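Asks: Here's my sequence, what's the structure:
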Amino acid sequence: MDTARVDAVLDALGLERRPPDGRFFENVFLRFQRRIACETLTRPAGDPQAFDAERFFAEWVEEERGLVGAERTRAFEWLAVNCGFDVTAVRGECRRPWEEDAPGRDEPRLGPEDGGFSSKVKGARAHWVVIATIEGRRILADAGFPLPVLLSLDPPAREIPTAFGSLSSAVAHDGSLLVTCDARGEVAELLRLFPPPSEPSLPLEELSRRIPVAQTGPETPRRPSALRVLDDRVLFWSAGRMTILDAWSRLEYALPASERSAIEKLFALELGDVVLPREADEDPAKSATLSVFHMSPVAADKARTRIARETPPYSLVASRELRVEESGAGSRLGIHAMLAGPVPPAGPGEAVRKTLVFHLVSELFELSRG
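Replies: Have a look, this model is predicted:
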């Protein structure tokens, strides 16, 4: 792609070409993440092996469309290379917390004293990321997850606050790279990467073969979905169900595909004449739930003796269940609440949601203190 056309893409992202330094790389990454929506509603997920990044950007400049998965990683890698950066595509596995069931999960709970993290995590998927080398330092730029921040690998990042929770990077005993998240009462592994040995950068004409998707096969077909990562929360929609995730809580409520205007507003999309299919298991009548969590130093058996305490009533909560699980030397406390009445399509309102989360988490704090 000629320089003028690359500059047109940068201009559409609100950027001007600069020397390839750390600040410019961060700006390119953040603009890419914010401007290129992560969704399959306007542009279904395709075959990453056949993805043409140059064609995608030529079309995106004219009409913005979404992009997900390994295609998203390839698009960002292509843009970074054309801006003069030294980047490498690295394979790995990821775990997407917004796609998990909050109650009843069976993957291991890891406490701060467990000394490591298992890659045998329920729901782990093949994944590709971009690692840039700038001024001798490796920087993780995960456009496919998508992470809302860059993470330093040299030195490792420590407790970077994001909408997911606090992110950290580390090197495991087997040499793989880990990204962990401290949120919702647990320290969980989000990404595990398997970087190849250092090798010379490939010429630009070889870029289309930088991500050997055939090694892991095509991406698993997914239901139509939309994801939006904001500064303080993550929004996810699929199969008529809306999820709002933050560092403390998970809210789920029915949002049928027929509520197009609410979906457009929540995810900043223009759906136009896009048809949103109704899934067979979509249930508009399913109750809304709010789950909150807290990591406590109190041992699980001791915490369970405090469950019978009287809890304050809330007009928005129809019923609730308090759960205690072992976590390292302490426990993971949770409240799983059924909300009273339906939630509006656009959500309960941030002030209402945050206030209710605050009150429920405060109960867990009190339970933890004894």
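
Asks: okay, CA-based contacts and neighbour counts for the rest of this
Replies: Noted.

Asks: need the helices for the stretch 51-200 of the chain, in chain order.
Replies: For the stretch 51-200 of the chain, applying DSSP state H, counting those that start in this stretch gives helices covering 53-62, 69-82.

Asks: who wins for proximity to Lys265 among these?
Replies: When those are compared by Cα to Cα, helix 53-62 sits nearest Lys265, at 20.3 Å.

Asks: Does anything pack onto the closest one? Which helices or strands?
Replies: Counting contacts by 3 or more Cα pairs under 8 Å, 6 or more residues apart in numbering; DSSP states H and E, helix 53-62 packs against helix 3-12, helix 69-82.

Asks: Just want the angle from it to helix 69-82.
Replies: 90 degrees (axes from the mean of the first three to the mean of the last three Cα atoms, to 10 degrees).

Asks: Give me the contact list for helix 53-62.
Replies: Identification of contacts with helix 53-62 by Cα atoms under 8 Å, 6 or more residues apart in numbering yields Met1, Arg5, Ala8, Val9, Ala12, Arg74, Ala75, Trp78.

Asks: thinking again about what came up before, out of the helices and strands packed on helix 53-62, indicate the one that is most buried.
Replies: The highest mean neighbour count among the helices and strands packed on helix 53-62, using mean count of other Cα atoms under 10 Å, belongs to helix 69-82: a mean of 23.

Asks: Keeping just the C-alphas, turn it into PDB.
Replies: The C-alpha coordinates for helix 69-82 follow below in PDB (Å, rounded to 0.1, in the frame of the first residue of the first chain):
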ATOM      1  CA  GLY A  69     -10.500 -12.200  16.500                       C
ATOM      2  CA  ALA A  70      -7.400 -13.000  14.500                       C
ATOM      3  CA  GLU A  71      -8.500 -10.800  11.600                       C
ATOM      4  CA  ARG A  72      -8.400  -7.900  14.100                       C
ATOM      5  CA  THR A  73      -4.800  -8.800  15.100                       C
ATOM      6  CA  ARG A  74      -3.700  -9.100  11.500                       C
ATOM      7  CA  ALA A  75      -5.200  -5.700  10.700                       C
ATOM      8  CA  PHE A  76      -3.400  -4.000  13.500                       C
ATOM      9  CA  GLU A  77      -0.100  -5.800  12.700                       C
ATOM     10  CA  TRP A  78      -0.400  -4.700   9.100                       C
ATOM     11  CA  LEU A  79      -1.000  -1.000  10.100                       C
ATOM     12  CA  ALA A  80       1.900  -1.100  12.600                       C
ATOM     13  CA  VAL A  81       4.300  -2.400  10.000                       C
ATOM     14  CA  ASN A  82       3.200   0.200   7.500                       C
END
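
Asks: If you count contacts, what does that helix end up packed against?
Replies: By 3+ Cα pairs under 8 Å, 6+ apart, helix 69-82 packs against helix 22-35, helix 53-62, strand 87-94, strand 125-134.

Asks: Minimum distance to Pro256: which of these has it?
Replies: Nearest to Pro256 among those is helix 22-35; the distance by Cα to Cα comes to 25.3 Å.

Asks: Touching that closest one from outside, list them.
Replies: 13-15, 18, 76, 80, 85, 134, 141, 143, 146, 148-150.

Asks: quick revisit: with respect to Ala337, which of the helices and strands packed on helix 53-62 lies nearest?
Replies: With Cα to Cα, the closest approach to Ala337 among the helices and strands packed on helix 53-62 belongs to helix 69-82: 32.4 Å.
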